[in-house]
Every structure is written in C-alpha cells, then in structure tokens.
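Chemist: sequence below, structure please.
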Amino acid sequence: MREARKSQKEGLEMTKEERSRLESIDTVLRSETVREQIRPIVERVRAELARKKDAVMTWEPVPLTVFGRALPSEIRSGWVFVLRAGVDTGAERHPNSHQRMMTFEGSGDMQTGEPGQFKSNVLISNPEAPLEQRWISIPQNSWHRPVVGKDTDWTVVSFHTVPAEDLIEEKLDDSSKDGTKQKKYLEK
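Modeler: Below is the predicted model:
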C-alpha cells in the first residue's frame with residue numbers, strides 16, 4: 001500500500017514519492033543562483049500586471065536551463081505567475097499536465113476540488129514554513145481556483161509536465177456546449 005501523508009487542515013493527500021519530488025524541486029528553488037535568475041522574470045511579470053489594469057494575472061515561462069539539470073525528468077516547463085491582490089481567478093484545470101506550484105512572494109489560497117465544493121489550501125512564502133504550507137501538487141485534469149487576499153499580489157513559481165507551448169488551461173464556460181473553454185497559456 002502506498003504511504004499517503006494527509007494534511008489535517010486541508011484534507012490533501014500526498015504520497016511519499018510526491019513529497020520527495022516536491023522536496024527535490026524546493027531544493028533547486030532555494031538556490032540563490034536560481035532565485036537571482038527568477039527575480040528579473042518576476043519583475044517583468046509584475047510590471048506587465050501593473051500595465052494591464054483589467055488583468056487578474058500575468059505570466060511568463062521560465063527557461064528550464066535556469067534550474068540546471070536538477071529538476072525531475074517529468075518537469076517539462078516552469079512558469080512565473082503574478083496574481084492580482086483581491087482576485088478570485090475562477091476555476092481552472094490543466095487537462096494535459098500535472099502542476100506543482102510554490103509561493104515565491106505573498107500568499108494565497110489555492111482551492112482544490114470540484115466547482116462548488118472547493119477546499120482551502122492557503123500557501124505562504126515563508127521559507128521556514130513546512131513544505132505543505134508553501135507547495136501544492138495538482139494532478140492532471142484537477143480543478144483548482146486561486147484566490148488572492150486583498151493586501152498584496154501573489155507571486156508563484158509553477159512547474160508542469162508539458163512544454164510551455166503545449167500547456168492548456170481549461171475554464172468553466174456556460175456559453176459553450178461542453179461547459180468549458182480551453183486556451184494555451186502562450187496564446188495570451
């Protein structure tokens with residue numbers, strides 16, 4: 001039987017293997033060399049959000065070379081997202097990718113579950129906080145909903161199992177016949 005670790009607060013399950021994978025990626029992101037290369041990307045994405053007054057978030061892929069050869073082999077793209085303070089970006093899922101995300105700056109609630117039945121997963125940027133308070137693992141095709149507090153924007157670094165040009169976001173859309181609408185992130 002696979003060992004699962006359950007967070008009492010959120011009710012999330014994390015296998016021993018997934019925890020090990022997140023710890024591995026976390027070690028890479030704690031490297032000052034890596035953080036120095038991510039900071040200019042964060043600043044560009046933050047500036048873009050400031051220019052786009054109606055946008056709820058902005059993003060940019062991070063070249064995997066920034067992380068060296070230390071990422072698990074299934075990671076095919078890295079991203080920086082900045083989510084505007086005080087927004088609920090709505091339910092979304094990635095039908096073609098497993099997402100692993102950590103809080104880089106600020107905090108937010110990455111709700112998971114099904115529309116209408118989301119569970120709270122508050123994530124913070126304190127590097128001393130336990131892994132489960134900084135990271136979340138969202139399996140392929142799983143609904144999630146970022147909700148950001150009103151005080152400050154939330155900056156996250158996200159990893160996906162598909163290349164940047166292939167990452168699909170699917171959102172709820174009552175106007176479509178199947179109730180959802182898809183787009184690729186690089187087709188802003």
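
Chemist: residue ranges of the strands in this protein, please?
Modeler: 4-6, 13-15, 57-62, 77-83, 92-93, 99-105, 107-114, 117-119, 122-124, 135-138, 143-147, 154-160, 168-172, 180-184 (DSSP state E).

Chemist: packing partners of the shortest one?
Modeler: Put plainly, it is strand 92-93. Counting contacts by 3 or more C-beta pairs under 8 Å, 6 or more residues apart in numbering; DSSP states H and E, strand 92-93 packs against strand 143-147, strand 168-172. C-beta: built from backbone N, CA, C; applies to glycine.

Chemist: how far does the last one sit from its chain's centre?
Modeler: Computed by C-alpha atoms, centre = their mean, to the nearest Å, the chain-centroid distance of strand 168-172 equals 14 Å.

Chemist: also stretch 124-131?
Modeler: Counting by C-alpha atoms, centre = their mean, stretch 124-131 comes out at 15 Å from the chain centroid.

Chemist: tabulate the helices and strands packed on strand 92-93 (a markdown table), appending mean neighbour count.
Modeler: A markdown table is the format used below for these (neighbours: other C-beta atoms under 10 Å):
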| stretch | mean neighbour count |
| --- | --- |
| strand 143-147 | 19 |
| strand 168-172 | 16 |
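
Chemist: a markdown table please, covering the strands of the chain and showing distance to Ile41 and mean pLDDT.
Modeler: Listed next are the strands of the chain as a markdown table, based on distance: least, C-beta to C-beta, whole Å; pLDDT from 0 to 100:
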| stretch | distance to Ile41 | mean pLDDT |
| --- | --- | --- |
| strand 4-6 | 31 | 37 |
| strand 13-15 | 28 | 79 |
| strand 57-62 | 6 | 96 |
| strand 77-83 | 5 | 98 |
| strand 92-93 | 21 | 95 |
| strand 99-105 | 10 | 97 |
| strand 107-114 | 19 | 95 |
| strand 117-119 | 29 | 94 |
| strand 122-124 | 19 | 96 |
| strand 135-138 | 19 | 96 |
| strand 143-147 | 19 | 96 |
| strand 154-160 | 9 | 98 |
| strand 168-172 | 19 | 91 |
| strand 180-184 | 19 | 86 |
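
Chemist: okay, these, which one's buried deepest?
Modeler: Of all the strands of the chain, strand 154-160 has the most neighbours on average by mean count of other C-beta atoms under 10 Å, namely a mean of 25.

Chemist: which neighbouring elements make contact with the longest helix along the chain?
Modeler: Assignment by DSSP state H gives helix 32-51 as the longest helix of the chain. Using 3+ C-beta pairs under 8 Å, 6+ apart, the elements in contact with helix 32-51 are helix 16-30, strand 57-62, strand 77-83, strand 99-105, strand 154-160.

Chemist: switch those over to JSON lines; also include distance to Asp173.
Modeler: Listed next are the helices and strands packed on helix 32-51 as JSON lines, based on distance: least, C-beta to C-beta, whole Å:
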{"stretch": "helix 16-30", "distance to Asp173": "31"}
{"stretch": "strand 57-62", "distance to Asp173": "18"}
{"stretch": "strand 77-83", "distance to Asp173": "20"}
{"stretch": "strand 99-105", "distance to Asp173": "20"}
{"stretch": "strand 154-160", "distance to Asp173": "22"}
